[in-house]
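**Student:** Predicted structure and sequence below. I'll ask about it afterward.
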Amino acid sequence: MINWPVPSPLRRQITHAFAGFLGVFLTALAAAAERSPHACLEMLALRHGNRDLPFRLEDDDDLGPRASSDQLHVRRYAAVSLPNHAGRLTLLFGAPPGATRFAPRLRYQLVGYDSGWRNHERGFMHLVLKFRDENRVPVSRAEFRIRGDSVGWTGTWATSALSSRLEEAVVPPRAASLSIWIDSGGNDENTGVWLVDDLAIREIVPGAAPRLIFSEDFEDGRGLAQPEGDFARWVRDGGALDGAVVHAGPPATGRHALALVESNPTDYAAWRLKDMHVIPVSPGQRLRVEWRETYSVGRGRAGEASYPSLPAGQYQFRVQEVDALGSPAGEELVLPVFITPPFHHNVWFQAAAVTSLLLVGLGVERSIARARMRRQLVELERRQVVQQERARIARDIHDDLGTVLSRISMTSETASLEAEPGSGLHRRLTEICEASRQLTLTMEEIVWAQDPRHDSLDDTASYFSSFASDLLSVAGIACRLDLPVDLPAIPLDAERRHDLFRAFKEALNNVIKHSGATEVRIAMHWRDDAIALCVEDNGRGAVTGTGATPGKGNGLPNMRTRIERAGGRVEFESRPGEGTRVLIVLPVRRRSDPAS
């Protein structure tokens, strides 16, 4: 066993540091072994919001020698799943460290979001107006850039249409001349092609037509049939002179144009106006620069794509190596991206939310039902108490008051028999006996109205028929009853029974006292949740018409008031010599439950 000359805690720190370094070294070694030495295009970084995310190469379809020049080697990465609330998505791509070859130009597309391929936004070429003073010292410059693909670009010069371009510039102070540069943007990793024709510069004169001060149709020069030909007033410049070429159109047209073909992102090519052909200008002049062009410009070596917060869905990020004309050539990488929907869009969450709402709804409904049931029970108990109290009062009235009235009636009747007939005492005793009988009948009516055993429509009809028969028979009037055999089992509370009975009794009393009738027809029906009670006689009738109240003093106004207060109505119909008809309609609400 070896004794270390350092303390135990320090030994552990050294061991952990060495283990960490060894892990990093092995990871880098594995990544280097995985990377093909022929690769010039890889994913370099992936950032979502402020967080760097890991990514992993899943498939590399042999980045060795290509079978044909237009074959793309595809590098596929494992799908990346991201939340949709972390912000901007940024992807860096390009040549990996240690690469022996660089992509001259790259284009990218997020399938599912972009409508087409996109060139790197930082790739550009430009036309520059360089202003100098009288000593040919630079004063200022005006720059007009191009990016991406021009309108009408089809991928080749032969089929792409030229579009017109108009720009303006103001000659700065101290400027005495200007020179024109058309270049590929300097050593800024720009690549692509640009064709320029029919270049002209005009001075904008207020109130007059623009004055032409420079014109170039690129038809004057030597060897213009070849790309390396020379224009009479232009000279090549830059680090790659072979990128500044002469473009010859179809032989039938005999047209030529200035062109830049930049395929090396580390160099640049340019055409510039020869010094002997610089254009004289004056400070303050407004210049209009116009030309026709077609182009396709991008950037090589490395690139960056950035997207704002993406909606949930499946995407595929693609990067292609293309040539100077923008045609696919070389390598391609593919990275599937899945933006997960927010949790409230997930099926499981929606199912859980629906289930929770249903449970809450069921709970609320159950609580409401229980509260309703409690109210029903309380109301039922209250009614039972009221009914018990009504029954007790009815019994007390019948037993106590009925006994007293019976004793009064019997005593007065016995005393009247002992008194001398026709005397004042006999007459008063007879009145007392009759009053006690009337009071007994009234007491029976009150007991009937208060007794909860009679709270039904059927019992009410039976009592009315019995009462009418007894009352009319004493008066010597025939009674015809028209009552249904089966009345619905509708509960009828004491107050409504009492109001209806008082109106019915008043109608019968009017027949006995005023009509002179020999027959009364009584009908009771149930229709439209209301009791319809009709009393019709064959008496002398009244002088009033239909719907009018007969003369004063017969109690009919009280009848109308009593029924209307209960929510019903009373209709009178009487014609001289045709009798009187009284219709009483009293609505009765059906009780679906004890609380209603």
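**Tutor:** Sure thing, it's come through.
**Student:** From Arg575, how far off is Val520?
**Tutor:** 17 Å (Cβ to Cβ, to the nearest Å). C-beta: built from backbone N, CA, C; applies to glycine.
**Student:** again with Tyr77
**Tutor:** Relative to Arg575, and taking Cβ to Cβ, Tyr77 is found at 105 Å.
**Student:** neighbour count winner among the two?
**Tutor:** Between Tyr77 and Arg575, counting by other Cβ atoms under 10 Å, Tyr77 is the more crowded of the two (20 against 14).
**Student:** ok, that one touching Glu332?
**Tutor:** No: using Cβ atoms under 8 Å, Tyr77 is not in contact with Glu332; the gap is 11.6 Å.
**Student:** For the closest residue in space to Ser184 that isn't next to it in sequence, give me the backbone phi and psi.
**Tutor:** In space, and not counting its chain neighbours, Ser184 is closest to Glu262: 4.0 Å by Cβ to Cβ, 6 or more residues apart in numbering. Per-residue torsions, Glu262: phi -110, psi 110 (degrees, to the nearest 10).
**Student:** What ranges in the stretch 301-450 of the chain fall below the confidence cut-off?
**Tutor:** The model of the stretch 301-450 of the chain has pLDDT under 70 over residues 345, 387-388, 390-391, 394-403, 405-406, 409, 444, 449-450.
**Student:** Next, count neighbours for the nearest residue to Val322 once chain neighbours are set aside.
**Tutor:** Excluding the flanking residues, the one nearest Val322 by Cβ to Cβ, 6+ apart is Arg105, at 5.0 Å. The burial count assigned to Arg105 is 31, neighbours taken as other Cβ under 10 Å.
**Student:** pretty sure Arg105 is touching Gly300, no?
**Tutor:** Yes: between Arg105 and Gly300 there is a contact at 4.8 Å, judged by Cβ under 8 Å.
**Student:** where do the contact lists of these two overlap?
**Tutor:** Taking Cβ atoms under 8 Å, 6 or more residues apart in numbering as the contact rule, Arg105 and Gly300 both touch Thr191, Pro265.
**Student:** Residues in a beta bridge with Gly238, which ones?
**Tutor:** According to DSSP bridges, the partner residues bridging Gly238 are Ala269.
**Student:** quick one: contacts for it?
**Tutor:** Contacts were defined as Cβ under 8 Å, 6+ apart; by that measure Gly238 touches Asp183, Ser184, Ala244, Asp267, Tyr268, Ala269, Ala270.
**Student:** Could you check how far it is from Lys130?
**Tutor:** 15 Å.
**Student:** residue ranges of the strands in the stretch 101-250 of the chain, please?
**Tutor:** Ranges of strands within the stretch 101-250 of the chain are 106-111, 118-119, 125-132, 138-146, 148-149, 163-170, 177-183, 190-203, 211-216, 221-222, 230-231, 234-238, 244-248, based on DSSP state E, counting those that start in this stretch.
**Student:** Distance check, Arg176 against Arg233.
**Tutor:** No, residue 176 isn't Arg; it's Ala. As for Ala176, its distance to Arg233 is 19 Å (criterion: Cβ to Cβ).
**Student:** same check, this time on Met524
**Tutor:** Counting by Cβ to Cβ - Met524 and Arg233 are separated by 122 Å.
**Student:** ok, these two, which is more surrounded?
**Tutor:** Higher neighbour count among Met524 and Arg233: Met524, with 22 against 15, using other Cβ under 10 Å.
**Student:** check contacts around Phe102.
**Tutor:** Counted by Cβ under 8 Å, 6+ apart, Phe102 has contacts Cys40, Ala95, Pro265, Thr266, Gly300, Arg301.
**Student:** isn't the second one right up against Leu41?
**Tutor:** It stands for Ala95. Yes: between Ala95 and Leu41 there is a contact under Cβ under 8 Å: 6.9 Å.
**Student:** Identify the contacts common to those two.
**Tutor:** Ala103.
**Student:** Looking at these two, which is more packed in?
**Tutor:** Leu41 (27 against 19).
**Student:** which stretches of the protein form helices?
**Tutor:** Here the chain has its helices, by DSSP state H, at 8-34, 347-396, 402-418, 424-450, 457-475, 494-510, 556-565.
**Student:** Quick check: which of those helices is nearest to Glu293?
**Tutor:** Closest of the helices of the chain to Glu293 is helix 8-34, at 44.1 Å (criterion: Cβ to Cβ).
**Student:** Would you format the contacts of Phe102 as a markdown table with distance to Arg407 included?
**Tutor:** A markdown table is the format used below for these (distance: Cβ to Cβ, whole Å):
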| residue | distance to Arg407 |
| --- | --- |
| Cys40 | 130 |
| Ala95 | 128 |
| Pro265 | 132 |
| Thr266 | 136 |
| Gly300 | 129 |
| Arg301 | 129 |
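**Student:** which of those has the most neighbours?
**Tutor:** Gly300 (27 neighbours).
**Student:** What score does that residue have for pLDDT?
**Tutor:** Listed pLDDT for Gly300 reads 78.
**Student:** Report the contact partners of the closest residue to it other than its chain neighbours.
**Tutor:** Take Gly300 and drop its neighbours on the chain: the residue closest to it by Cβ to Cβ, 6+ apart is Pro265, 3.5 Å away. Contact partners of Pro265, counting by Cβ under 8 Å, 6+ apart, are Phe102, Pro104, Arg105, Glu189, Asn190, Thr191, Arg299, Gly300, Arg301.
**Student:** let's go with 7 Å and repeat that
**Tutor:** Phe102, Pro104, Glu189, Asn190, Thr191, Arg299, Gly300, Arg301 (Cβ atoms under 7 Å, 6 or more residues apart in numbering).
**Student:** between those, which is closest to Pro283?
**Tutor:** Asn190 (32.3 Å).
**Student:** ok, how many other residues are close to that closest one?
**Tutor:** Neighbours around Asn190, by other Cβ under 10 Å: 26.
**Student:** Please, a ChimeraX command that selects the buried ones among the contacts of Gly238?
**Tutor:** Selection of buried members from those for ChimeraX, criterion 16 or more other Cβ atoms under 10 Å:
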select :183,184,244,267,268,269,270
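**Student:** ok, of the contacts of Gly238, which one's closest to Pro421?
**Tutor:** Nearest member of the contacts of Gly238 to Pro421, counting by Cβ to Cβ, is Ser184, at 150.5 Å.
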